[in-house]
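**Q** below is the sequence, then the predicted model.
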Amino acid sequence: MRIAPAAIPFAIALFAAATPIAAQTTYPDIPEPMIFDMMRPLGARKGEAEVNALAMTTSPFRPRSAEWAPEIEYAFADGKAIEFELPFDGARLEALKLGLQAAFGASANGSSAHGVQYLGIYDRETGLYSNSLLYMAGHRFSGRWSMMNMVGLDDIALARRAGRNALLLNHATFYDATPGTTVGIEVNVAGGRERLVRVTPQLHQRVANKVAVQAGAGVEKHRHHRARPALGVRLVREL
């Protein structure tokens, strides 16, 4: 396995920047985006855990073409969480994924919060390791409206190469329609070789005390390809 030299310094900086006082702040309640999932909310408390799985497809009548990924998330300290994920393409395990997340604190009387997220992915086919780092900023405007923004770099490398250090941008706006029901729209932008843009309206529905379903239907556009539908569903079970 070849590891990108930038991976370890970024992971260390992630937790060095998050001070213990940040976890003692009152954080806003902001939903997690369906596609670009967070590793527990920014204000997660030590011991919180969750298992979930996301399935995505651009061909709803060809289930074998679906991409899906089970994952487990755990807050090992207040405001700090880790995630293990197994991305599949159909029945083939494509990669091994590790995520780390840390909260920096809240402001505006607990209406705004920010933090950082690190993602490391080992590609089983190529044997290469890639990593990304994103800054997260969320805000609750009212009892119903909120948003979460993430911006950072994908496939980080010290040397300049085509497709490396590409822009990652994710925005989600949410509206809490009723207790347990949230509607929203998520926008994903990725630079690099693929240059992906995806827009996904979505519905989040709590179906039991610790069980929720998220479903979305939108459109995505890759570089040199036509726009196509993008359908997804995520099942969530808090532990």
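**A** That came in fine, so what should we check first?
**Q** following the helix or strand of the chain with the lowest mean pLDDT, which helix or strand comes up?
**A** Sorting the helices and strands of the chain by mean pLDDT, DSSP states H and E puts helix 7-16 at the bottom, at a mean of 55. Sequence-wise, the next helix or strand downstream of helix 7-16 (DSSP states H and E) is strand 49-57.
**Q** off-centre distance for that following strand?
**A** Chain-centre distance of strand 49-57: 11 Å, with CA atoms, centre = their mean, to the nearest Å.
**Q** show the pLDDT at residue 115.
**A** According to the prediction, residue 115 has pLDDT 96.
**Q** going forward can the numbers begin at 16, since that is how I track them
**A** Sounds good: first residue 16 from here, last item residue 130.
**Q** apart from its chain neighbours, what residue comes closest to it?
**A** In space, residue 130 comes closest to residue 118 once its chain neighbours are excluded; the distance is 4.1 Å by CB to CB, 6 or more residues apart in numbering. Every C-beta, even on glycine, is put in place using the N, C-alpha and C of the backbone.
**Q** element containing the one you found, please.
**A** Using DSSP H and E, residue 118 falls in strand 110-122.
**Q** can you spell out which helices and strands pack onto that strand?
**A** For strand 110-122, the packing partners by 3 or more CB pairs under 8 Å, 6 or more residues apart in numbering; DSSP states H and E come out as helix 22-31, strand 95-100, strand 127-138.
**Q** tell me the angle the last one makes with strand 95-100.
**A** Here strand 127-138 runs at an angle of 30 degrees relative to strand 95-100 (axes from the mean of the first three to the mean of the last three CA atoms, to 10 degrees).
**Q** name the strands paired with strand 127-138 and say parallel or antiparallel.
**A** strand 110-122 (antiparallel), strand 144-155 (antiparallel) (DSSP bridges).
**Q** next one: the last one to chain centre, how far?
**A** Put plainly, it is strand 144-155. 8 Å.
**Q** give the next helix or strand downstream of it.
**A** Using DSSP H and E, the first helix or strand after strand 144-155 is strand 160-169.
**Q** which one is residue 113 nearest to, not counting chain neighbours?
**A** Leaving aside its sequence neighbours, residue 113 sits nearest to residue 135 (CB to CB, 6+ apart; 4.7 Å).
**Q** what's the burial count for the one you found?
**A** 20 (other CB atoms under 10 Å).
**Q** beta partners for it?
**A** Going by DSSP bridges, residue 135 forms beta bridges with residue 113, residue 146.
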